[in-house]
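Engineer: have a look; sequence and predicted model below, questions after that.
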Amino acid sequence: MDNVGLHNPSGGIVNIRSESLLQIELTDFALKQLTIVAPALKLLKERCYMDFDVNSSEPAAKISAPQLISLEWNYYCGPRSVQFDKMANLSFLYAGRLPAHPFNLYLPHNPTGLLHCFEHIVCLYFTLVYRKDIANHPYLIEEMPRLPHVMLLSLNVEAKGHSFGASLFHVLRMCTNVRKLALAFDVSTEQLEEETGCPSGCVCDQPPNWKTEELQLSCLWNIEITGWRGAEKEVAFVERLFSWATALKEVRVTFHQSITGSIAEDLCQTLLSFSRPETCTEFRTHGGLFKKVVGSSLCLALAGSLSLGIIWLHSTL
């Protein structure tokens, strides 16, 4: 048996021990206790609600999978609840949805804690989520003291009209050796219709040091942006990002599905106005290639080898 998919096990208690199992998917049920001992396991996906006793002295989830390559873990409650044995081969980590301003810092789910469990990751993926009304709720990103050493960083941003520059600046400051950045602005057509600006005095733009402080991303040579609308907050952050990425060689921009024709052309010019002359920039709509601007002959020779990591990650998670 190579693969196991569990959707509603009796009692929410799962105990898996296998010498040959390669893939496990746990989906859409209340998980009370989990034990996995699978020395050959390559891929593990967890998409459950963890009904753990956070006051228990014993971890409710124990994972022993020394050959694991790809991990998706959406509900982390800290080392007292979830215990991962050493995973020296782990390359791809999907860390779930990270709230920038949660209702309560002491919620049992603490996705930032998952990032502390690993030292080196080839590709790290997580979603940064804002609520519509963040008021004066605590700023969780500053509780993230470090990130694993990563080569490819894939960030999905659900901003709901808020400024996200401060949060992304803090994230990038902790992984300055990143070589490729995939940045997705997640805005549906329905959200566009409902989107409003931040209320006066909104704390989403705090702290404001991202607008002036320099950041050296000298290893970053490839950036992919999807869902680009050219909104003021998007432009402000991307302009700063390009100034930090002093070795940038390749940029691919895919416009939001609402952007077409002359608007797309205007947005091309906006982004090119602060791009480096040596950067090869490709613009795409949902209909395909829109424009390609080659800053130098070097850009034509660049291979998209690092793109394979993002493609592989999304195909497995």
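Structural biologist: Everything's here; your move. Numbers count the residues shown, from 1 in each chain.

Engineer: number of nearby residues for G261?
Structural biologist: Look at G261: counted by other Cβ atoms under 10 Å, it has 9 neighbours. C-beta: built from backbone N, CA, C; applies to glycine.

Engineer: which ones are touching it?
Structural biologist: By Cβ atoms under 8 Å, 6 or more residues apart in numbering, no residues touch G261.

Engineer: and the helix or strand encompassing Y49, average pLDDT?
Structural biologist: Element membership for Y49 (DSSP states H and E) is strand 43-50. Strand 43-50 shows a mean pLDDT of 85.

Engineer: got a list of contacts for it?
Structural biologist: 22-31, 36, 60-61, 63, 65, 68-75, 77, 81, 108-109, 316-317.

Engineer: 6 Å - rerun?
Structural biologist: With contact meaning Cβ atoms under 6 Å, 6 or more residues apart in numbering, strand 43-50 is reached by 23-27, 29-31, 70-75, 316.

Engineer: and for stretch 120-133?
Structural biologist: Against stretch 120-133 from outside (Cβ under 6 Å, 6+ apart): 91-95, 97-100, 148-154, 156-160, 162, 167, 309, 313.

Engineer: shaky segments in the stretch 201-317 of the chain?
Structural biologist: The stretch 201-317 of the chain contains residues with pLDDT under 70 at 201, 295-317.

Engineer: quick one, helices of it?
Structural biologist: 232-244, 261-272, 297-301, 307-316 (DSSP state H, counting those that start in this stretch).

Engineer: related to what we said a few turns ago, and the contacts of stretch 120-133, which are buried?
Structural biologist: 91-95, 98-100, 148, 150-154, 156-160, 162, 167, 309, 313 (16 or more other Cβ atoms under 10 Å).

Engineer: quick check: buried residues in stretch 68-88?
Structural biologist: Counting neighbours by 16+ other Cβ under 10 Å, stretch 68-88 gives 68-77, 81-82, 84, 87 as buried.

Engineer: residue boundaries of the strands in the stretch 101-250 of the chain?
Structural biologist: 120-129, 149-158, 180-185, 222-228, 250-255 (DSSP state E, counting those that start in this stretch).

Engineer: among the ones you listed, which is nearest S273?
Structural biologist: Minimum separation from S273 across the strands of the stretch 101-250 of the chain (Cβ to Cβ) falls at strand 250-255, 13.2 Å.

Engineer: what lines up beside that closest one in the sheet?
Structural biologist: Counting by DSSP bridges, the strands paired with strand 250-255 are strand 222-228 (parallel), strand 280-285 (parallel).

Engineer: could you give the angle of that strand to helix 261-272?
Structural biologist: 150 degrees (axes from the mean of the first three to the mean of the last three Cα atoms, to 10 degrees).

Engineer: just want the angle from strand 250-255 to strand 180-185.
Structural biologist: Using the same axes, to 10 degrees: strand 250-255 against strand 180-185 is 10 degrees.

Engineer: could you export the strands of the stretch 101-250 of the chain as CSV, including distance to H286?
Structural biologist: Output for those, formatted as CSV (distance: least, Cβ to Cβ, whole Å):
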stretch, distance to H286
strand 120-129, 21
strand 149-158, 18
strand 180-185, 14
strand 222-228, 10
strand 250-255, 8
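
Engineer: so for Q206, which of these sits nearest?
Structural biologist: Going by Cβ to Cβ, the one of these nearest Q206 is strand 120-129, 15.4 Å.

Engineer: what residues of the closest one count as buried?
Structural biologist: Neighbour-count burial for strand 120-129 [16+ other Cβ under 10 Å]: I121, V122, C123, L124, Y125, F126, T127, L128, V129.

Engineer: try stretch 241-253
Structural biologist: So, applying 16+ other Cβ under 10 Å, buried residues of stretch 241-253: L241, F242, W244, A245, L248, K249, E250, V251, R252, V253.

Engineer: which residues does that stretch contact?
Structural biologist: 215, 217-218, 220-225, 228, 274, 276, 279-283, 302.

Engineer: could you redo the last one with a cut-off of 7 Å?
Structural biologist: 215-225, 228, 271, 274-276, 278-284, 298-299, 302 (Cβ atoms under 7 Å, 6 or more residues apart in numbering).

Engineer: redo the buried residues of strand 120-129 as TSV? Include distance to I263 and pLDDT.
Structural biologist: Below are these laid out as TSV (distance: Cβ to Cβ, whole Å; pLDDT from 0 to 100):
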residue	distance to I263	pLDDT
I121	37	90
V122	36	93
C123	32	94
L124	33	93
Y125	29	92
F126	30	87
T127	27	88
L128	26	85
V129	27	82
